[in-house]
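> The sequence isn't on hand, but the structure is:
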(Lines give C-alpha, C1' and ligand atoms only; values in the text may rest on other atoms or scores of the structure.)
Protein backbone atom coordinates (compact mmCIF):
# COMPACT_ATOMS: atom_id res chain seq x y z
CA UNK A 1 0.00 0.00 0.00
CA UNK A 2 2.49 2.61 -1.09
CA UNK A 3 2.52 3.88 -4.68
CA UNK A 4 -1.10 4.45 -5.76
CA UNK A 5 -2.34 5.45 -2.31
CA UNK A 6 0.56 7.85 -1.74
CA UNK A 7 -0.12 9.49 -5.10
CA UNK A 8 -3.82 9.81 -4.23
CA UNK A 9 -2.92 11.29 -0.82
CA UNK A 10 -0.48 13.78 -2.37
CA UNK A 11 -3.27 15.20 -4.52
CA UNK A 12 -6.06 14.97 -1.93
CA UNK A 13 -4.06 16.49 0.93
CA UNK A 14 -2.05 19.08 -1.03
CA UNK A 15 -1.37 22.30 0.89
CA UNK A 16 -3.30 21.29 4.01
CA UNK A 17 -1.79 22.20 7.36
CA UNK A 18 0.43 19.44 8.79
CA UNK A 19 -1.99 18.50 11.58
CA UNK A 20 -4.89 18.05 9.15
CA UNK A 21 -2.65 16.26 6.67
CA UNK A 22 -1.43 13.79 9.33
CA UNK A 23 -4.94 13.15 10.64
CA UNK A 24 -6.42 12.60 7.19
CA UNK A 25 -3.50 10.40 6.08
CA UNK A 26 -4.16 8.07 9.03
CA UNK A 27 -7.91 8.00 8.32
CA UNK A 28 -7.50 7.28 4.61
CA UNK A 29 -4.90 4.57 5.31
CA UNK A 30 -7.32 2.94 7.76
CA UNK A 31 -10.19 3.19 5.26
CA UNK A 32 -8.14 1.54 2.51
CA UNK A 33 -6.96 -1.22 4.87
CA UNK A 34 -10.54 -1.90 5.96
CA UNK A 35 -11.68 -2.04 2.34
CA UNK A 36 -8.85 -4.44 1.47
CA UNK A 37 -9.77 -6.68 4.45
CA UNK A 38 -13.29 -6.75 3.00
CA UNK A 39 -11.93 -8.28 -0.21
CA UNK A 40 -11.19 -5.29 -2.45
CA UNK A 41 -7.88 -4.89 -4.18
CA UNK A 42 -5.78 -1.84 -3.39
CA UNK A 43 -6.80 0.06 -6.57
CA UNK A 44 -10.47 -0.73 -5.89
CA UNK A 45 -10.13 0.40 -2.28
CA UNK A 46 -8.46 3.64 -3.39
CA UNK A 47 -11.24 4.18 -5.95
CA UNK A 48 -13.79 4.17 -3.10
CA UNK A 49 -12.11 7.30 -1.73
CA UNK A 50 -13.27 9.32 -4.73
CA UNK A 51 -11.57 11.88 -6.92
CA UNK A 52 -8.60 13.31 -4.99
CA UNK A 53 -9.12 16.84 -6.42
CA UNK A 54 -12.71 16.86 -5.16
CA UNK A 55 -11.58 15.53 -1.80
CA UNK A 56 -8.96 18.30 -1.60
CA UNK A 57 -11.59 20.99 -2.22
CA UNK A 58 -13.85 19.48 0.43
CA UNK A 59 -11.02 19.25 2.96
CA UNK A 60 -10.06 22.89 2.30
CA UNK A 61 -13.61 23.88 3.26
CA UNK A 62 -13.12 22.00 6.54
CA UNK A 63 -9.47 22.59 7.45
CA UNK A 64 -6.99 25.45 7.01
CA UNK A 65 -4.08 25.31 4.64
CA UNK A 66 -0.49 25.54 5.77
CA UNK A 67 -0.20 29.00 4.21
CA UNK A 68 -3.24 30.30 6.12
CA UNK A 69 -1.74 29.19 9.42
CA UNK A 70 1.63 30.75 8.63
CA UNK A 71 0.17 34.17 7.78
CA UNK A 72 1.96 36.65 10.02
CA UNK A 73 0.72 39.83 8.33
CA UNK A 74 -2.19 40.40 10.74
CA UNK A 75 -0.47 42.62 13.32
CA UNK A 76 1.32 44.62 10.62
CA UNK A 77 -1.94 45.28 8.79
CA UNK A 78 -3.68 46.11 12.09
CA UNK A 79 -1.12 48.72 13.16
CA UNK A 80 -0.82 50.16 9.65
CA UNK A 81 -4.59 50.63 9.45
CA UNK A 82 -4.71 52.21 12.91
CA UNK A 83 -2.00 54.65 11.85
CA UNK A 84 -3.90 55.35 8.65
CA UNK A 85 -7.09 56.09 10.60
CA UNK A 86 -5.16 58.33 13.01
CA UNK A 87 -3.50 60.14 10.10
CA UNK A 88 -6.90 60.58 8.44
CA UNK A 89 -8.32 62.03 11.65
CA UNK A 90 -5.40 64.42 12.10
CA UNK A 91 -5.65 65.54 8.48
CA UNK A 92 -9.37 66.13 8.97
CA UNK A 93 -8.63 68.28 12.02
CA UNK A 94 -5.99 70.18 10.11
CA UNK A 95 -8.44 70.96 7.31
CA UNK A 96 -11.25 71.64 9.80
CA UNK A 97 -13.37 68.70 8.70
CA UNK A 98 -14.96 67.94 12.06
CA UNK A 99 -17.20 65.12 10.84
CA UNK A 100 -14.27 63.09 9.48
CA UNK A 101 -12.22 63.77 12.62
CA UNK A 102 -15.03 62.44 14.81
CA UNK A 103 -15.42 59.41 12.51
CA UNK A 104 -11.71 58.62 12.85
CA UNK A 105 -11.84 59.06 16.62
CA UNK A 106 -14.85 56.74 16.82
CA UNK A 107 -13.01 54.09 14.81
CA UNK A 108 -9.95 54.36 17.04
CA UNK A 109 -12.13 53.97 20.13
CA UNK A 110 -13.73 50.87 18.56
CA UNK A 111 -10.25 49.47 18.00
CA UNK A 112 -9.81 48.95 21.76
CA UNK A 113 -12.62 46.41 22.24
CA UNK A 114 -11.67 44.77 18.93
CA UNK A 115 -8.14 44.24 20.25
CA UNK A 116 -9.46 42.86 23.53
CA UNK A 117 -11.75 40.42 21.72
CA UNK A 118 -9.04 38.90 19.52
CA UNK A 119 -6.07 38.78 21.87
CA UNK A 120 -7.17 35.50 23.50
CA UNK A 121 -7.32 33.71 20.14
CA UNK A 122 -4.53 31.38 18.96
CA UNK A 123 -1.85 33.27 17.01
CA UNK A 124 -2.96 32.31 13.45
CA UNK A 125 -6.60 33.14 14.16
CA UNK A 126 -5.58 36.39 15.86
CA UNK A 127 -3.53 37.37 12.81
CA UNK A 128 -6.51 36.79 10.53
CA UNK A 129 -8.89 38.72 12.77
CA UNK A 130 -6.49 41.64 13.27
CA UNK A 131 -5.91 42.03 9.54
CA UNK A 132 -9.64 41.98 8.86
CA UNK A 133 -10.50 44.28 11.77
CA UNK A 134 -7.88 46.80 10.73
CA UNK A 135 -9.27 47.01 7.22
CA UNK A 136 -12.81 47.21 8.57
CA UNK A 137 -11.89 50.07 10.92
CA UNK A 138 -10.56 52.18 8.06
CA UNK A 139 -13.58 51.30 5.95
CA UNK A 140 -15.88 52.18 8.87
CA UNK A 141 -14.13 55.53 9.33
CA UNK A 142 -14.87 56.56 5.76
CA UNK A 143 -18.43 55.21 5.89
CA UNK A 144 -19.25 56.98 9.15
CA UNK A 145 -17.94 60.32 7.88
CA UNK A 146 -19.91 60.01 4.65
CA UNK A 147 -23.06 58.87 6.48
CA UNK A 148 -22.99 61.82 8.87
CA UNK A 149 -22.40 64.19 5.95
CA UNK A 150 -25.43 62.68 4.18
CA UNK A 151 -27.50 63.00 7.34
CA UNK A 152 -26.49 66.67 7.64
CA UNK A 153 -27.69 67.25 4.07
CA UNK A 154 -24.36 67.13 2.22
CA UNK A 155 -24.21 63.58 0.80
CA UNK A 156 -21.15 62.47 -1.13
CA UNK A 157 -21.59 62.24 -4.90
CA UNK A 158 -21.23 58.47 -4.70
CA UNK A 159 -24.03 58.07 -2.13
CA UNK A 160 -24.93 54.53 -3.19
CA UNK A 161 -21.80 53.29 -1.46
CA UNK A 162 -23.41 54.17 1.88
CA UNK A 163 -25.79 51.26 1.35
CA UNK A 164 -23.27 48.97 -0.29
CA UNK A 165 -20.63 49.06 2.45
CA UNK A 166 -22.79 47.48 5.20
CA UNK A 167 -23.64 44.65 2.79
CA UNK A 168 -19.93 44.25 2.10
CA UNK A 169 -19.28 44.10 5.86
CA UNK A 170 -21.73 41.22 6.29
CA UNK A 171 -20.09 39.26 3.47
CA UNK A 172 -16.66 40.09 4.91
CA UNK A 173 -17.73 38.96 8.39
CA UNK A 174 -19.19 35.66 7.18
CA UNK A 175 -16.06 34.84 5.17
CA UNK A 176 -13.72 35.77 8.03
CA UNK A 177 -15.69 33.72 10.57
CA UNK A 178 -15.63 30.69 8.25
CA UNK A 179 -11.86 31.05 7.86
CA UNK A 180 -11.41 31.44 11.62
CA UNK A 181 -13.54 28.36 12.29
CA UNK A 182 -11.45 26.28 9.83
CA UNK A 183 -8.27 27.54 11.48
CA UNK A 184 -9.50 26.72 14.99
CA UNK A 185 -10.59 23.25 13.85
CA UNK A 186 -7.16 22.64 12.30
CA UNK A 187 -5.29 23.96 15.34
CA UNK A 188 -7.33 21.66 17.57
CA UNK A 189 -6.06 18.68 15.57
CA UNK A 190 -2.49 19.71 16.29
CA UNK A 191 -3.17 20.54 19.93
CA UNK A 192 -2.31 24.23 19.41
CA UNK A 193 -5.71 25.77 20.08
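Now that the structure is in, tell me what you want to look at. Predicted, not measured: the structure shown is a model, and the values here were computed from it. Residues are numbered from 1 along each chain as shown.

> care to break this protein down by domain?
3-63, 71-189 (automatic domain parsing).

> residue at max distance from the center of the protein?
residue 39 (43.4 Å; CA atoms, centre = their mean).

> Same list (the domains of the chain) but as a markdown table, adding mean pLDDT.
Output for the domains of the chain, formatted as a markdown table (pLDDT from 0 to 100):
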| stretch | mean pLDDT |
| --- | --- |
| domain 3-63 | 93 |
| domain 71-189 | 90 |
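
> Go ahead and confirm residue 141 touches residue 105.
No - if you go by CB atoms under 8 Å, residue 141 and residue 105 don't touch, sitting 9.2 Å apart. To be clear about C-beta, it is placed using only N, CA and C from the backbone, and glycine gets the same treatment.

> and the nearest residue to residue 138 once chain neighbours are set aside, what helix or strand is that in?
Spatially, and ignoring its direct neighbours in sequence, residue 138 is nearest to residue 81 (4.9 Å; CB to CB, 6 or more residues apart in numbering). Using DSSP states H and E, residue 81 falls within helix 74-94.

> name the helices or strands packed onto that helix?
helix 98-118, helix 123-151 (3 or more CB pairs under 8 Å, 6 or more residues apart in numbering; DSSP states H and E).

> what's the following helix or strand after the longest one?
Beyond helix 123-151 on the C-terminal side, the first helix or strand identified by DSSP H and E is helix 161-189.

> Buried residues, that following helix. List them.
162, 165, 176, 179, 180, 182, 183, 184, 186, 187, 189 (16 or more other CB atoms under 10 Å).

> picking up where we left off before, the residue nearest to residue 138 - how many residues pack around it?
The local packing of residue 81 (other CB atoms under 10 Å) involves 22 other residues.

> quick one: residue 73 and residue 127 touch, right?
Yes - here residue 73 reaches residue 127: they are 6.8 Å apart, a contact under CB under 8 Å.

> more crowded one of the two?
Remark: of residue 73 and residue 127, residue 127 carries more neighbours, 24 against 12, as counted by other CB under 10 Å.

> residues touching the nearest residue to the more buried one once chain neighbours are set aside, list them.
Counting by CB to CB, 6+ apart, residue 127 lies nearest to residue 74, which is 2.9 Å off, once chain neighbours are set aside. Residues near residue 74 by CB atoms under 8 Å, 6 or more residues apart in numbering: 126, 127, 128, 129, 130, 131.
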